[in-house]
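> Requesting a structural model of the entry that follows:
(chains A and B)
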Amino acid sequence: MLRNKLKEIDLSQSLIFLILLALLFTFILYPLIRVLYVAFTEADSLSLSHFINFFERALFKESFLNSLSAGLMAVIFGSLISLPLAFFTIKYDFKGRTLIQTLGILPLVMPPFVGAVALQLILGRSGVFNLLLLKWFGTSVPFMEGLRGVIIVQTLHYFPFIFLNASASLANVDPSLEEMAQNMGSHGLRLFRRVTLPLMMPGYVAGILLVFIRVIDDLGTPLMLNYTKMLAPQAYLRVTTIGVEDKAGYVICVIMVVLSLLSLWGAMKFLSLSEYAMVQRGGAGTPISKKIGGWRLVFVLVFCFFVLGVSLLPHLGIFVLSFAKVWSFSILPKSYTLNHYVEIFFRTPHFVKNTLLYCLLAAGIDVLLGSVIAFLLIRGKVFGKGLLDAIATMPLAIPGVVLATGYLRVFHGTNLPFFHQPLTSLWIILVIAYSARRLPYTLRSCYASIQQIHISLEEAALNLGANRRKTFFRITFPLMTGGLIAGGLLAFITSSVELASTIMLVPRMEYGPLSYGIYIYMQSAVGRGPGAALGVVAILLVATGTYLVNRVFAGGSGTAFKL
Amino acid sequence: MKRFFYYVICFVWMFLLVASMAGAATKEVVIVTSFPKELFETYKKAFEARYPGVTVVVKQKQTTEGVTYIRETASKPEADIMWASAVDAFQVLKAEKLLAHYSLSKEISSKIPARVGTYPIHDPDGFFFGFALSGYGMMWNKPYLQAHKLKPPAEWTDLIDPSYYGHLAISAPSRSGTTHLTVEAILQAYGWEKGWALLLNMGGNMAVVTERSFGVPEGVNNGQYGIGIVIDFFGLSAISSGFPVDFAYPSMTPIVPANVGIVKGGPNSENAKRFVNYLLSEEGQVLLFKPDIGRLPVIPELYARAPSGYPNPFKMKLGVLDFNSELSSVRYGLLNSLFDQIVTFRLGELKEAWGAIYKAEKAIEEAKKKKKDVTKAAALIAEARSLATRVPVPESKANNKDFNKAFKGKEKTEARAKLETEWDAAAKANYSKAKELALKAMEMI
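Got it, this is the predicted structure:
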């Protein structure tokens, strides 16, 4: 038995496997272990005292509860927005529903901290809305105060995760099941509650948990809104002002990891359940969508466009701000200018340039690692593949603040050979952080695209005399290009708006990418305009990327994924 | 064709990777600064033009973050220059022996007076140097005050007026060296207990305690907040950028220098010296007048060249505050932490308490007019006020060097955590009790 097993292990693959393992260990697992180590030890012996201290301190306890409740509220409000949207656009047939589906993704193309700035302008204390209220009714509503503001921004930003996942699983619900129920006399709400909802549950729950993870992870929004009583900002403040020696920062990191791990585990559990819901479906029939008209149509349209209108307000706000010369306590800016764009493209072009450079590199690294890991996982004959998979998926549950803290802890003191500087003072640290954070996304899309390639194609190449490497590069690799490009783009767009790990790791001003630039610009009187202009660039970048991903995936289902 | 395309992509990508690795360091001077972009960009350009071949590398960090950074890299310093406003941050660095000694040349030092008011411009021991003067004050948004029918404030003590409830903004001293100085200055001007009473009452009027020091001027500029407590150049540069704001120095304000110091053992010490010299030369000093910088040079004769209406600190008649920077550096960390625990992180409770107090006081005033007996309610309010202005640390402890050790060393985190928990609990209890008393007083009327 054992000998047979050993025979199946391929030596060159094992070598690659070891190299990969070393890489992942150094940049993902080890920093995390160091964080855990600091949090769980007292004078080098195992101890829970820091955790006990943590929960004894009212401030931390409240931060913990605030983070939890922000996550919960974002999920609840996000569901209130997304479920009707998903239901209407999938189950009803009316003009404009594709438009609504497209607009529903747009909130994701804005970095949340930019959304925070923009929403301040619109819903803030002296935002457009409150100024109008003040003018007409002599009162104002404090939308953006404290935790409420954070929840509003995060809900508006992250609800598409629920919307997308819920629509996808709703569309996947086997229509014959619903027909059966209808034949047996179930209609309307009862049909939805007893049949449709349970069937779409797994996708919906996965969406919810994704939102929850993001909210826990989000550092930019609370920072921009000056609300620090949450886990991520507390960890950031502890580590940056008190120093990497402060224990409380690590404890917060560990708690964040635990929260995201739990949610991730839940999401995966539910997603695997979703498979049985779809087993029935063999391309049989498209989901039933009812034609609607009259007052129902009016209601649906009013609802959809109201919700989407509100969620697209930040985009509008940041766009106007990027052209505004002086916008102070007035409903609209007093005068307009193009100077902010001149500033960011000609006077300080490095923010945009750095973003392109870092994110392209990170995307490249991710595609390379992702495709090789995925190949090993599916076709590889090596021992311990599961470990590789586990470490590579781990970053999903490591918040940016935690990863950055780990990097600072691990790489800060030691100089690299040849560079005579520690890794944390080279800009490559940002590329590494982005690659590590986005690896799971690319890995998943590479995995999916390899799975689609039938093994017989590779076997044919091998039979015809090509060796393993040649087969990989000539057959497997070209066939999986669609998935690779999509995965790479995904990594690119998400890292271009990454703030949490960026502000902790940027070694020096000139190395700052776009997200950092926005953060820095927002710190001076004349900088708000250029900051907003950078925000618009970020939105355009992400929007283009998202569009391309969809194109590749859509075209991919015809070409690259076919077999 | 398609394959060729992929090769090109791969090639370009590999090129990027290699090019990035090869970006080796040339001649540099590495500067840690808390200053906004406009300021350091101006000096970076000017200095690089003056010394071709030298690159100015800027690491922008908040002051306290910068101190932490220099402390943590002390075994092998990465930075050459610390460049920030807060003099107490430099005191801390000097005390921890992280700064290098340097003597200015006669040519430079002869033009700069030893003191502004009673405050020495340079560190007398030669570890850091003032390059620009700053006063602290209040800036306000004119249309905002108009719309809310508020008068512009003139003194720190004006800020506790109930009419300003919910309209003020300040940044956390733990995150902003300049606010730290303002808070320290208020405490020194009015004394520990009274100063804290003033600060906590102001805190009750705060709409926000921002995490970034620029959060305050930003909020005032765009009209989020009415009045912000800021360092003068935030006000001056916003006025010159066309925002409808104004700025005033209260009479009790310290005029203190913003500083530059050379990091001990930094990698480019020659360039660091050059930078300091450049900053203090006439050529460097004149740059401070630029409208988007708006700072006050340390060379008095340069004010002849200043734009009209520019304040001249050497002629200003400002308060007699004799700023004690030694005391300030003793309790630096404690003050940051204390303010965070009892104001920043408890702002919600503090605001509620003061809101209730103001409401009750208004009701009492009205009841008095109707000739009702309000003595009991007034007594409750007096107690509520005393609770909502109480600082949980006595001055004797706060100024005690041993007591402050918990906020200095790396190992004392336990002690620190214990104190922080204690203060937090005290603040929470005091404020909720104060609110309760005020509500009770309301009921009695």
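> residue closest to the middle of chain B?
By C-alpha atoms, centre = their mean, chain B has its centre lying nearest to residue B:178, at 1.9 Å.
> Quick check: nearest residue in space to that residue, chain neighbours excluded?
residue B:231 (4.2 Å; C-beta to C-beta, 6 or more residues apart in numbering or on different chains). The way it works is simple: take the backbone N, C-alpha and C, and place the C-beta from them, glycine included.
> Identify the bridge partners of that neighbour.
Beta bridges link residue B:231 to residue B:136, judged by DSSP bridges.
> tally of neighbours for it?
27 (other C-beta atoms under 10 Å in any protein chain shown).
> For it, give its distance to chain A.
Distance from residue B:231 to chain A, counting by C-beta to the nearest C-beta, to the nearest Å: 13 Å.
> one step back: quick one: which helix or strand includes the residue nearest to the centre of chain B?
Following DSSP states H and E, one finds residue B:178 within helix B:177-190.
> so what's the residue of the stretch 151-300 of chain B found nearest chain A up against?
In the stretch 151-300 of chain B, the residue that lies nearest chain A is residue B:223 (3.0 Å; C-beta to the nearest C-beta). By C-beta atoms under 8 Å, 6 or more residues apart in numbering or on different chains, the residues touching residue B:223 are A:125-126, A:328-330, B:141, B:143-144.
> Can you give me the domain assignment for chain B?
Domain ranges of chain B: B:24-132+B:256-305, B:331-445, per automatic domain parsing.
> Redo those as TSV? Include distance to chain A.
As requested, the domains of chain B are exported to TSV (distance: least, C-beta to the nearest C-beta, whole Å):
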stretch	distance to chain A
domain B:24-132+B:256-305	4
domain B:331-445	5
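> want to try TSV for those, with mean pLDDT and distance to residue A:56 as columns?
Shown next, in TSV, are those (pLDDT from 0 to 100; distance: least, C-beta to C-beta, whole Å):
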stretch	mean pLDDT	distance to residue A:56
domain B:24-132+B:256-305	88	25
domain B:331-445	89	6
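> All the strands of chain A, residue numbers only.
Assigned by DSSP state E, the strands in chain A fall at A:41-42, A:45-46, A:92-93, A:290-291, A:324-326, A:335-336.
> Need the winner for burial among these.
Among the strands of chain A, strand A:324-326 has the highest mean neighbour count (mean count of other C-beta atoms under 10 Å in any protein chain shown), at a mean of 19.
> so what does that one touch, helix or strand wise?
For strand A:324-326, the elements it packs on are strand A:335-336, helix A:528-558, judged by 3 or more C-beta pairs under 8 Å, 6 or more residues apart in numbering or on different chains; DSSP states H and E.
> how about those, which one is nearest chain B?
Closest among the helices and strands packed on strand A:324-326, using C-beta to the nearest C-beta: helix A:528-558, at 6.9 Å.
> Rounded mean pLDDT for the closest one, please.
Mean pLDDT, computed over helix A:528-558, is 75.
> which helices and strands sit right next to it?
The contact analysis (3+ C-beta pairs under 8 Å, 6+ apart) places helix A:528-558 against helix A:112-123, helix A:294-323, strand A:324-326, helix A:339-342, helix A:350-379, helix A:481-496, helix A:514-521.
> one more time with 6 Å
Contact partners of helix A:528-558 among helices and strands, from 3 or more C-beta pairs under 6 Å, 6 or more residues apart in numbering or on different chains; DSSP states H and E: helix A:294-323, helix A:339-342, helix A:481-496, helix A:514-521.
> what about the shortest one, near chain B?
No - judged by C-beta under 6 Å from any C-beta of the partner chain, helix A:339-342 and chain B are separated, with a smallest distance of 11.8 Å.
> just checking, what packs against that helix?
The contact analysis (3+ C-beta pairs under 6 Å, 6+ apart) places helix A:339-342 against helix A:528-558.
> gap between the helix it packs on and the chain center?
In terms of C-alpha atoms, centre = their mean, to the nearest Å, the centre of helix A:528-558 is found 14 Å from the chain centre.
> Tell me the secondary structure at the residue of the stretch 151-300 of chain B closest to chain A.
coil (DSSP: H, G, I helix; E, B strand; the rest coil).
> Phi first, then psi, for the residue of chain A found nearest chain B.
In chain A, the residue that lies nearest chain B is residue A:329 (3.0 Å; C-beta to the nearest C-beta). Phi and psi for residue A:329, reported as degrees, to the nearest 10, are phi 50, psi 40.
> same deal with residue B:56?
The phi/psi pair for residue B:56 (degrees, to the nearest 10) reads phi -90, psi 120.
> Name the nearest residue to it, sequence neighbours excluded.
residue B:44 is the one closest to residue B:56 (C-beta to C-beta, 6+ apart), at 4.2 Å.
> and if you look at residue A:215?
Excluding its sequence neighbours, the residue lying closest to residue A:215 (C-beta to C-beta, 6+ apart) is residue A:71, at 4.3 Å.
> Give the burial count for residue B:101, as a bare number.
Using other C-beta under 10 Å, residue B:101 has 13 neighbouring residues.
> For it, give me its contacts.
Neighbour list for residue B:101: B:126-127 [criterion: C-beta atoms under 6 Å, 6 or more residues apart in numbering or on different chains].
> now do 10 Å
Contact partners of residue B:101, counting by C-beta atoms under 10 Å, 6 or more residues apart in numbering or on different chains, are B:94, B:123, B:125-128, B:261-262, B:264.
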